[in-house]
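# generate coordinates for the sequence data below:
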Amino acid sequence: MKQLNISDARYACINVEKNTEKMVGIVTLNRPPHNRLTMQMMNEVLEAVGIFDADPDIRLIMIKGAGEHFGLGGDVAEINSKEGWEANQFFMTVVKTAKALRAAAKPTMAVVHGLTTSGNMVVAMNCDLVIAADNTVMGATAIDFGLFCPWGPISIMPRIVGTKRSFEVGATGRLVPAQDLYDHGVINRLVPLDKLDEEAMEFAATITCKSPTAMMLHKKTFYAAQDMEYNKALDFGAAAMVQYHMTPEAKEGMQAFLEGRTPEYEITGYSSDWSVRRKTAS
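Reported below is the predicted structural model:
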């Protein structure tokens, strides 16, 4: 069966774009003005992220929102229409989407602005990096319409900002302004709204210029170590470093450093040991 390429895919709820110069794959949530998450949108995001993750021309996956907001969470009308197993499928698809962003071999970056609440906040916070416009506000607003948010303020935020503030966010639905998000480490960069796209691509370029093998192993090791006892995490890191040291990318990076030149991390695909296959001279 022919592997699906992003150019072959047709989406109703998202837009996709490849910036081959910057080596960035862009997925844009496209149900303005609110970009509320539906089953279809989440399944389209899952497919697009998978395609970009397997694309040798892409080294970072970016998630954006069309219109005035990154997104206001799950589609309440769709959620309200579901009962029993169908409701389970909806909420587990939120989980699958969040896990896919964390499990992608390549770094993921959320580019957020405006309201970024409930399910959309979960999407953003499960990306490895978040860059936000200065008009961004985040909140677990599901508590305001008969639900609650079991992921952002319960599963993710306590690991970043601690339990007291996280509990308050989930229990009150309070909207948290961008500066507070930045001060508490929820977002990496805070930029003016009119500079968001430009700054996001520049931020991405600081990642995509690095060895793709090193970047993938950095991500793999980073999250694995979070769940380990300290000494085991150190040992795991050493093992990962040995694994990387045996790859062509490590040799190219070190040789380029010794020769005072820019490394040539041109690749054709990925192998099972997390290394990349470099193009050979014709």
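# tell me where the stretch 1-150 of the chain has strands.
Along the stretch 1-150 of the chain, counting by DSSP state E, counting those that start in this stretch, strands occupy 14-19, 24-29, 60-65, 108-112, 115-117, 129-133, 137-139.
# can you name every helix or strand that the second one contacts?
Using 3 or more C-beta pairs under 8 Å, 6 or more residues apart in numbering; DSSP states H and E, the elements in contact with strand 24-29 are strand 14-19, helix 39-54, strand 60-65, helix 196-208. From N, CA and C alone the C-beta is placed, and that goes for glycine too.
# at 10 Å what do you get?
Contact partners of strand 24-29 among helices and strands, from 3 or more C-beta pairs under 10 Å, 6 or more residues apart in numbering; DSSP states H and E: strand 14-19, helix 39-54, strand 60-65, strand 108-112, helix 196-208.
# reformat these as TSV; add distance to L29.
Shown next, in TSV, are the helices and strands packed on strand 24-29 (distance: least, C-beta to C-beta, whole Å):
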stretch	distance to L29
strand 14-19	6
helix 39-54	7
strand 60-65	5
strand 108-112	10
helix 196-208	15
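# and these as TSV, adding mean pLDDT and distance to S81?
Shown next, in TSV, are those (pLDDT from 0 to 100; distance: least, C-beta to C-beta, whole Å):
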stretch	mean pLDDT	distance to S81
strand 14-19	96	22
helix 39-54	95	11
strand 60-65	97	24
strand 108-112	98	28
helix 196-208	97	34
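# between those, which one is nearest to T97?
T97 sits nearest to helix 39-54 of all the helices and strands packed on strand 24-29, at 4.7 Å, using C-beta to C-beta.
# figure out how far the closest one is from the centre of its chain.
Centroid displacement of helix 39-54 relative to its chain, using C-alpha atoms, centre = their mean, to the nearest Å, is 12 Å.
# not counting sequence-adjacent ones, nearest residue to M41?
Closest residue to M41 apart from its sequence neighbours, by C-beta to C-beta, 6 or more residues apart in numbering: C13 at 3.7 Å.
# tell me, how many residues neighbour A124?
By other C-beta atoms under 10 Å, the residues close to A124 number 32.
# wait, S81
By the criterion of other C-beta under 10 Å, S81 has 11 neighbours.
# before we move on, what about Y265?
Counted with other C-beta under 10 Å, the neighbours of Y265 add up to 22.
# quick one: it from A54, how far?
As for Y265, its distance to A54 is 17 Å (criterion: C-beta to C-beta, to the nearest Å).
# swap in T247?
18 Å.
# and what of E249?
E249 sits 18 Å away from A54, going by C-beta to C-beta.
# how is this structure divided into domains?
Here the domain parsing of the chain from automatic domain parsing is 14-208, 212-278.
# among these, which one carries the weakest average confidence?
Looking at these, the lowest mean pLDDT belongs to domain 212-278 (a mean of 81).
# next one: it to chain centre, how far?
20 Å.
# surely A200 is in contact with L193?
No. Here A200 does not reach L193: they are 11.7 Å apart, not a contact under C-beta atoms under 10 Å.
# so for these two, which residue has more residues nearby?
More neighbours surround A200 than the other of A200 and L193, with 24 against 14 (other C-beta under 10 Å).
# how far away is that one from P153?
Distance, A200 to P153, using C-beta to C-beta: 25 Å.
# what's the answer for I143, then?
Between I143 and P153 the computed distance is 9 Å (C-beta to C-beta).
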